[in-house]
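Colleague: Need the 3D shape of this:
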Amino acid sequence: MKLSGIKYLTDQGVENIWKNKMMAFATFCVLLISLLLVGMSSLFYLNMNSMIAGLNDQNEITVIMKLGTTEDDNKSAEESIKNIENVKTIIFKSKEQALKETMQSIPSADKVLSSSSTYVEGDASFMPDTFIVTVKNTELIDDTSARIMQIGTVQETQSSPQVAEFLRELRHVVTLIAGTIIIALSIVSMIMISNTTKASVFARREEIQIMKYVGATNTFIRTPFFVEGLVTGVFAGIGSFFITWLIYSSAYDILVNKQILMQAVGVNNLIPFANIRFVVLAAYLCVGALVGALGSVLSTRRHINV
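Modeller: Numbering: from 1, shown residues only. Got it, this is the predicted structure:
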């Protein structure tokens, strides 16, 4: 096909949108709603995963050293813990710091300790030094604790394997539910788009039949529909992007800036829209254009016997 012919058919496709503006608008609305439903569900899933990752960061192992360990013992143990692959951060807490925190958190602690004949004020030798270890992957927390226990100067480790198990189950449930919702919405959206496109093509069946009678090829007939669906899909993608931007940014500001939820549940791990706006825009444009164009072409092929 010559370039002039392609330009003519493209112009016809764009012109058809205006000629059949009611049907084009219906297709646009269905595409817009479908893209929004699937897009917002996908963003919700991404943020839930990010929040779960934020909870991972808060999972810690408390390493209690044996009484009487020296500064060199602590430095050696710290280096050994740092060399464990799953360790993310390590913070040392001296026995003196632990005693001070105990005094501040328990008002009666000073009286209890003073009642002991062996206690000397300010003496923290009866308390152990500790390390607070943050792990990268909570699923490996038991293995990490076991490796830390192999260090000779470590008395014991304390962690919450239940948290790791909870996070694993939560991630599995979120993935299952979000995946089911996204797939279901995608199927419903495709059915809606297909039916709308069929109605649009059916309403113009006489126009297509006339084109066939005068010798128009299948490609010549389908191309304007292809262009029409493509342009409608692109506009639906742009509309979906701006609506998503508005809703997402508003929700983000409420949850993060106004601190409705605590940081402890991972709100600070929500993804700012600025970080993903280009990916979201590209996804909306590509999916909108693809679905709009293919929907139009398949409807002309299957239901008009072109």
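
Colleague: Give me the residue ranges of the stretch 201-306 of the chain where confidence is low.
Modeller: For the stretch 201-306 of the chain, the stretches with pLDDT under 70 are 201, 204, 257-268, 301-306.

Colleague: For it, which segments count as helices?
Modeller: 205-213, 218-252, 273-303 (DSSP state H, counting those that start in this stretch).

Colleague: Then the stretch 1-150 of the chain?
Modeller: Counting by DSSP H, counting those that start in this stretch, the helices of the stretch 1-150 of the chain are 3-19, 21-57, 71-82, 95-105, 109-114, 141-149.

Colleague: tell me the domain boundaries of the chain?
Modeller: 3-55+165-303, 59-160 (automatic domain parsing).

Colleague: looking at those domains, which is buried most?
Modeller: domain 3-55+165-303 (a mean of 17; mean count of other C-beta atoms under 10 Å). All C-beta atoms are positioned from the backbone trio N, CA, C, and that covers glycine.

Colleague: Give me the distance from that domain to the chain's centre.
Modeller: 18 Å (C-alpha atoms, centre = their mean, to the nearest Å).

Colleague: weakest of the helices of the stretch 1-150 of the chain by average pLDDT?
Modeller: Among the helices of the stretch 1-150 of the chain, helix 109-114 carries the lowest mean pLDDT, at a mean of 54.

Colleague: which one is Ala199 nearest to, not counting chain neighbours?
Modeller: Once flanking residues are discounted, Ala199 sits nearest to Met23: 6.9 Å by C-beta to C-beta, 6 or more residues apart in numbering.

Colleague: now the one you found: how far from Leu140?
Modeller: 57 Å (C-beta to C-beta, to the nearest Å).

Colleague: Now for the closest residue to Gly237 other than its chain neighbours: which residues touch it?
Modeller: Using C-beta to C-beta, 6+ apart and skipping the chain neighbours, the partner closest in space to Gly237 is Gly288 (3.2 Å). Applying C-beta atoms under 8 Å, 6 or more residues apart in numbering to Gly288 gives the contacts Leu31, Leu35, Gly233, Val234, Phe235, Ala236, Gly237, Ser240.
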